[in-house]
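Peer 1: here is a sequence with its predicted model. Questions after.
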Amino acid sequence: MLTASAHGATVPVIGFGTWNIQGDACARAVEEALRVGYRHIDTAAGYQNEDAVGSAIRGSDIPRDDIFLTTKVSPDDLADADLQRSADRSLAQLGLDHVDLLLIHWPSKTIPVAHTIRSLNRALERGVTRFIGVSNFTTALLEEAWAATDTPLLTNQCEYHPYLNQDKVLSACREKGMLFTAYSPLAREGVLDDPVIREIATRHGRTPAQIVLRWDVQQDSVVAIPKSSQPANIAANFAVFDFSLTDDEMAAISGLSKSHHLRVANPAAVAPVWDD
């Protein structure tokens, strides 16, 4: 299993996303992911599944320190007192005494970034989390966040797949020594049916999803968190460490964003003005 390191953290480059899976289905999916070999699990207060995620982690025979667990604070809870309560509530839901990474899920349109980042630092100081970071932050928001933080920000979690160019944000993250965590790495429309990706998949004897995930993690400082509730897909998405893509194949996949622009997650109430 490959890992990426930044600011004192070592993070498995393939994590298990849990968006839109709740209850017993979520617990079973996380249990299966851990059985397959995932050691990076991603959840959020807004997913309403932290209880199921925590149950699966606590019920596994894997030492807690071997699992890198991320959760996120919702945009409605970014005032300081609300953020602290949200973080504590997440721990209570998870049934754990800390998470490894606490993220701002979406930037607020009413609370200044500096205020939010200072509150995030306070959660770190209280021992709620080992590391802090952000999600859905543009390059301009990253600059504001870094100007306000006392502690390095580990990652910026953003949508990223072959139909969405994220070169500007990727560059900004690398300049600051951050990881870039790709959510919705397989998108939901068209990417896995793209002729370029399917041809490369045939050449390697792999699935299109495996090709896209390999493209993700073969990039410098990129982590991917695919999601599935199907055991076969959970296993297949993790099986990307025993082959590599050529430079030409990497370039061909990256080049798809020149003729496609697909943004899956773009809620008007919270989405910032994107760099693209």
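Peer 2: Nice, thanks for sending it over.

Peer 1: which one is the most centrally placed residue in the chain nearest to, not counting chain neighbours?
Peer 2: Most central in the chain under Cα atoms, centre = their mean is residue 181, positioned 4.3 Å from the mean C-alpha point. With Cβ to Cβ, 6 or more residues apart in numbering as the criterion, residue 181 has its nearest non-adjacent residue at 4.0 Å, and that residue is residue 157. Where C-beta positions appear, they are placed from N, C-alpha and C, glycine not excepted.

Peer 1: what secondary structure does the residue nearest to the centre of the chain sit in?
Peer 2: At residue 181 the chain is in strand, as set by DSSP: H, G, I helix; E, B strand; the rest coil.

Peer 1: that one touches residue 154, doesn't it?
Peer 2: No. Residue 181 lies out of contact with residue 154 (Cβ atoms under 8 Å); the separation is 9.1 Å.

Peer 1: circling back: how far away is the residue nearest to residue 181 from residue 42?
Peer 2: To residue 42, residue 157 is 8 Å away according to Cβ to Cβ, to the nearest Å.

Peer 1: so between these two, which is more surrounded?
Peer 2: residue 157 (28 against 25; other Cβ atoms under 10 Å).

Peer 1: how many neighbours does residue 95 have?
Peer 2: Residue 95, neighbours per other Cβ under 10 Å, totals 13.

Peer 1: quick one on the thing from earlier: for the residue nearest to the centre of the chain, give me its contacts.
Peer 2: Residues in contact with residue 181 (Cβ atoms under 8 Å, 6 or more residues apart in numbering) are 15, 42, 135, 155, 156, 157, 158, 222, 223, 224, 225.

Peer 1: equivalent analysis for residue 210, please.
Peer 2: So residue 210 contacts 201, 204, 236, 237, 239, 240 (Cβ under 8 Å, 6+ apart).

Peer 1: need these in TSV with neighbour count, pLDDT and distance to residue 121, can you?
Peer 2: Formatted as TSV, these follow (neighbours: other Cβ atoms under 10 Å; pLDDT from 0 to 100; distance: Cβ to Cβ, whole Å):
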residue	neighbour count	pLDDT	distance to residue 121
201	19	98	43
204	16	98	44
236	18	98	39
237	27	98	34
239	16	98	38
240	26	98	35
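
Peer 1: farthest pair within those?
Peer 2: Maximum pairwise distance in these, criterion Cβ to Cβ, is 15.2 Å, between 204 and 237.

Peer 1: need the overlap of contacts for residue 157 and residue 42.
Peer 2: Common neighbours of residue 157 and residue 42 (Cβ under 8 Å, 6+ apart) are 70, 181, 183, 225.
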